[in-house]
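[1] missing the sequence, but the structure's below:
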């Protein structure tokens, strides 16, 4: 049964700088009990296509140029704002991307959950509350009755997303639009949420439009997939066809989001460049509470020119470990040895000469660059500080850096906001390698980026590691990403190293349950483990 | 890249560009395109210039009385009329502007320097230092500032410069709070951590990475502080702590004008106009500066 028919929908934005053709003639149907997935990079128009059906795109500057959206025998595009408001929530509801911001922090979970019931159905408070509790139970929140009285901050990211899903379901809509519902979540949580969505959909026989930038996320749940680029569907078909027999180049690129470069993998069997022994980092807890032990008795070594992958969920202490290694914070006890010096108690001035030898690449390229400094200033600063070059050779050196990280020289005087996420990450990488360091900590450097951009950045990192003989601690929550470029993997949970070993060992024979759970959570692992087996056989990773 | 020579050409042209670019120069370029802000800028410049040369261009002396004439509306001899003592209003407004602008700029500069430095250090240091520094601000804030200023006046004698310093020393408290709050939230940004991991010193981080990003609110608050201190000076003068007649300032002229508003409205209108146009110009310039120093504002 067709619930929704979209025909030749086109949405353009009329801005001062000309017309942006955000959505340019897309057609699709959504059927009951089926999932229709739209895959595309940020800016490809996938969200605009869905939001414009519900009148949620600001107009002006947006304008619907053509098309029909048939839902319950009426054209949504022709409806008044009043009539649309009835459709929203009641007929079609939306699950937003970031569960941290889509709940109002000043309203109790129960109040937020029952609001649409009272709005759309005029239920009295008691019945609505009863119904809300049932839904909360259905999305897998334990002890739902008590949890109705909780505040959003008391919930973890995954639980919040469950609440958001419950909010979308509570009015019993026929269609749910899920806009990147798992992008902000850890891999293990993502797997749970995807499973939940699938279950609910089948139980309630609703249609789902699933928007994502990541093809592998939908590999288990989508029935039909459309690949979107520049406002158009470049390929559309059922799941098997898309995955097994992609036609369009862009789809192939999305599927093969694997770095092309390979690590040279000639780890020198020398003294470790970095070694940690019994490292402990504690943070003061709240008043009268115990200290929080973020890193608990960690001992590990990183050999020169090795890439060590550090994997764990958020809150496992992996970022804290990375920062402690660079002495961006002071360890509570234990030793950090870098280039055979125990730096665990070095002062700021003692650290300064070492700073140029060790650098960091941060997760969020939107906050890791000073918005008021041009690329030139950002790259020139470390060069001048560490006297790597003088005023005369500065320009040439900055340009050389930009070449290394693949930024065009014309953009040297631009400010960070004028770049895309991937380009910004290139700037940040350029800053990190500017001082010719021997050791780099990369803290989730690709998790804020689209999949296709991710592989480009991973490629760049590998290339730089090979070219400059870098040693790297690569931190990520995503085992799939880590597998591509690490020589060795350590798995961290609650501040403790639970498993370590070569890439094959961890992937083929994980000894810990936790590692197994992480491996299970890799989206689309069926597809990718086939490839994994092949590349292992080729012996590219030793 | 089409050919070898082409790419070298582009390097050379690009090599010329970076030299001497900074946030401030970029900001100046952008400011010049903002007509309203430039109007404000030139208006203030003109005003300052006129005030500087007032002793040579003023039509009368500022204490020259003509009691027989009394208060008259604007005439050919007295363009802006005269006050009840028969003193020429234009002259008094010009001389008053000298004092008012001086108070406005010097006291605000004092507030700005102390407040920004103090707030930035507290915000960056955080923890116990921040706590101690901000409690001190609270204590100062709780003290009635009048007592503070009166004390200063009594101890050091009545002195114009001291008056400016005293006002500045009162006004910095709010500035310190604003800056501290800004710095505290900016400090969480990863680019600050990146700067630390590059080995930059705390002072460089504060002034190069943090301050430029906290500029917006600071500029806006500064443009609000200037009129504030001008009025504060009028109030102090009214209490006999500020400047004394026959000297005048805009604030003094206005408060006198208010008393005689019904009989001699021009005594209020003209000094009032002088003050409001100055404030408008300041606000235009302030808004323009804020936008010009924000790279996200359009680049064209």
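    Received, thanks. Predicted model only: the values in this text are computed from it and were never measured.

[2] Stretch A:427-441 close to chain B?
    Yes. Using Cβ under 8 Å from any Cβ of the partner chain, stretch A:427-441 comes into contact with chain B via A:428, A:431, A:435. Yep, even glycine has a C-beta here, placed from its N, CA and C like the rest.

[3] Please apply the same query to stretch A:311-329.
    Yes. Applying Cβ under 8 Å from any Cβ, one finds stretch A:311-329 in contact with chain B at A:323, A:326, A:328.

[4] So which of those wins on neighbours?
    Greatest neighbour count in the residues of stretch A:311-329 next to chain B, by other Cβ atoms under 10 Å in any protein chain shown, goes to residue A:326: 25 neighbours.

[5] My read is that residue A:91 contacts residue A:73, right?
    No. Counting by Cβ atoms under 8 Å, residue A:91 stays clear of residue A:73, with 11.7 Å between them.

[6] mind checking pLDDT for residue A:380?
    With respect to pLDDT, residue A:380 scores 91.

[7] related to what we said a few turns ago, next step: the residues of stretch A:311-329 next to chain B restricted to helices.
    residue A:323 (DSSP state H).

[8] okay if I get the residues of stretch A:311-329 next to chain B as CSV plus pLDDT?
    CSV is the format used below for the residues of stretch A:311-329 next to chain B (pLDDT from 0 to 100):
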residue, pLDDT
A:323, 90
A:326, 91
A:328, 89
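
[9] In space, what's closest to whatever residue of chain B ends up closest to chain A - neighbours in sequence excluded?
    The minimum distance from chain B to chain A, using Cβ to the nearest Cβ, falls at residue B:199 (3.2 Å). Setting aside the residues directly before and after it, residue B:199 is nearest to residue A:355 in space (Cβ to Cβ, 6 or more residues apart in numbering or on different chains), at 3.2 Å.

[10] And that neighbour, its phi and psi?
    phi -60, psi -40 (degrees, to the nearest 10).

[11] Which residues lie in contact with it in this structure?
    A:386, A:435, B:197, B:198, B:199 (Cβ atoms under 8 Å, 6 or more residues apart in numbering or on different chains).

[12] cutoff 10 Å now
    Contact partners of residue A:355, counting by Cβ atoms under 10 Å, 6 or more residues apart in numbering or on different chains, are A:326-327, A:348, A:382, A:385-386, A:435, A:437, B:196-200.

[13] gap between it and residue A:434?
    12 Å (Cβ to Cβ, to the nearest Å).

[14] Overlap in contacts, those two.
    In contact with both residue A:355 and residue A:434: A:382, A:385, A:386, B:198, using Cβ under 10 Å, 6+ apart.

[15] Looking at the residues you listed, state which has the most neighbours.
    residue A:382 leads these on contacts (other Cβ under 10 Å) with 26 neighbours.

[16] What segments of the stretch 1-150 of chain A are strands?
    Here the stretch 1-150 of chain A has its strands, by DSSP state E, counting those that start in this stretch, at A:2-15, A:18-31, A:35-39, A:62-71, A:74-75, A:92-95.

[17] Show me what the fourth one is packed against.
    Meaning strand A:62-71. strand A:2-15, strand A:18-31, helix A:46-53, strand A:74-75 (3 or more Cβ pairs under 10 Å, 6 or more residues apart in numbering or on different chains; DSSP states H and E).

[18] touching chain B at all, the first one?
    Spelled out, that is strand A:2-15. No. Using Cβ under 10 Å from any Cβ of the partner chain, strand A:2-15 stays clear of chain B, coming no nearer than 11.7 Å.

[19] what's the helix or strand for residue 197?
    By default, I'm working from chain A. Assigned by DSSP states H and E, residue A:197 falls within helix A:187-204.

[20] should've been chain B
    Using DSSP H and E, residue B:197 sits in helix B:190-198.

[21] so how far is that helix from its chain's centroid?
    How far helix B:190-198 lies from its chain's middle: 33 Å, per Cα atoms, centre = their mean, to the nearest Å.

[22] From the contact counts, what lies against the helix or strand just after that helix?
    Scanning forward in sequence from helix B:190-198 by DSSP H and E, the next helix or strand is helix B:202-204. Judged by 3+ Cβ pairs under 10 Å, 6+ apart, the packing partners of helix B:202-204 are helix B:108-125, helix B:190-198.

[23] So which of those helices is the most surrounded?
    Of all the helices and strands packed on helix B:202-204, helix B:190-198 has the most neighbours on average by mean count of other Cβ atoms under 10 Å in any protein chain shown, namely a mean of 23.
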